[in-house]
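A.B. asks: from the sequence below, what's the structure:
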Amino acid sequence: VGRVAYFYLHPIGLHELPTAIPMNKHWFRGGFPQALTMRNNQLLQGWLDSFISTYIERDLPFLFDIRFSTSTMRKLWSMLAHLQGSILNAENLGNSLGITGTTVKRYLDYLEAAFIVTRLQPYFVNIGKRLIKAPKIYINDSGILHYLLRLHAEKELLNHPAVGASWEGYIVSQVLYAKDSRLDIYYYRTQAGAECDLVLVRGHVVKACVEIKLSRAPVITKGFFQCIEDLKSKNNFIVCSADVDYINKQEIRVVSAAIFINKYLVKI
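C.D. replies: Here you go, the predicted structure:
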């Protein structure tokens, strides 16, 4: 009897990035090889436009043998870009699109199965807390995200209100790409204000809590400390945009994205 193994071939991740390509370029353009190697941003925009149109008009219908309004699907992609890293409310999305929340969830099922989006689930633990129970939504590829936000250059990204959400989504995707299959990732948030961008779980054991900060001098929030206390996490990280790697006085490791992915994630 033959055996079949399935491999998820994700876009080029930070852990695979050639040293000749700066991380900021990878963040802005995303991980598709064609996007990374375009000669200029004008050509990049043309390629991303064609990619998205082809995916909506041809690839999704072919992959799942479905029919849908292409204009509604394109509007959904655009709305998801503006909700990057937000708690998902399918009913609100449906009301804005003129479709039901159930239809929105079905469309998201297709997009998640096609590796376009991730619905990051909340971590549940029996600690007597009132938890946020809806998933957070992320567009996986940062280049697609920035195209949908109509950002045409790195400078525009850095001055855009969504830059923090973009950075958060970029790190979430890089962790998804680089982690081994036995490591599960969640987010954590309580109605009392405890919050953590990523909870890394192996089996049923919380191995690490991760807060994602764009700031080069990140300030640790009270909500993150409360998360660490709630989950009894021993390994805790702030992943930031600075090229640093140190343990602060609260015994939380502050580290760059590349060092976290390449040095610490593999040990968790």
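A.B. asks: from here on, just use CA atoms for contacts and neighbour counts.
C.D. replies: OK.
A.B. asks: now the strands for this protein?
C.D. replies: 86-87, 117-120, 136-139, 183-189, 195-202, 205-212, 236-240, 245-247, 253-256 (DSSP state E).
A.B. asks: spatially nearest residue to A162 (excluding sequence neighbours)?
C.D. replies: H82 (7.6 Å; Cα to Cα, 6 or more residues apart in numbering).
A.B. asks: any idea which residue sits dead centre in this protein?
C.D. replies: In the chain, the residue lying closest to the centroid (Cα atoms, centre = their mean) is G169, at 3.2 Å.
A.B. asks: that one reaches Q84, doesn't it?
C.D. replies: Yes - with contacts counted by Cα atoms under 8 Å, G169 reaches Q84, the gap being 7.0 Å.
A.B. asks: so how far is D49 from Q42?
C.D. replies: Distance, Q42 to D49, using Cα to Cα, to the nearest Å: 11 Å.
A.B. asks: the more surrounded of those two?
C.D. replies: Neighbours per residue, other Cα atoms under 10 Å: of Q42 and D49, the larger number sits with D49, 15 against 11.
A.B. asks: for the more buried one, give its distance to I56.
C.D. replies: 11 Å.
A.B. asks: the helix ranked longest in the chain: which residues count as buried?
C.D. replies: In the chain, assigned by DSSP state H, the helix with the most residues is helix 163-178. Neighbour counts over helix 163-178 (16 or more other Cα atoms under 10 Å) mark 164-178 as buried.
A.B. asks: what residues are shared contacts of G169 and Q84?
C.D. replies: Common contacts of G169 and Q84 (Cα atoms under 8 Å, 6 or more residues apart in numbering): Y138, I139.
A.B. asks: now do the lowest-mean-pLDDT helix or strand in the chain: everything it contacts.
C.D. replies: The weakest-scoring helix or strand in the chain, judged by mean pLDDT, DSSP states H and E, is helix 60-64 (a mean of 89). The contact list for helix 60-64, computed with Cα under 8 Å, 6+ apart, reads I66, R67, Y110, A114.
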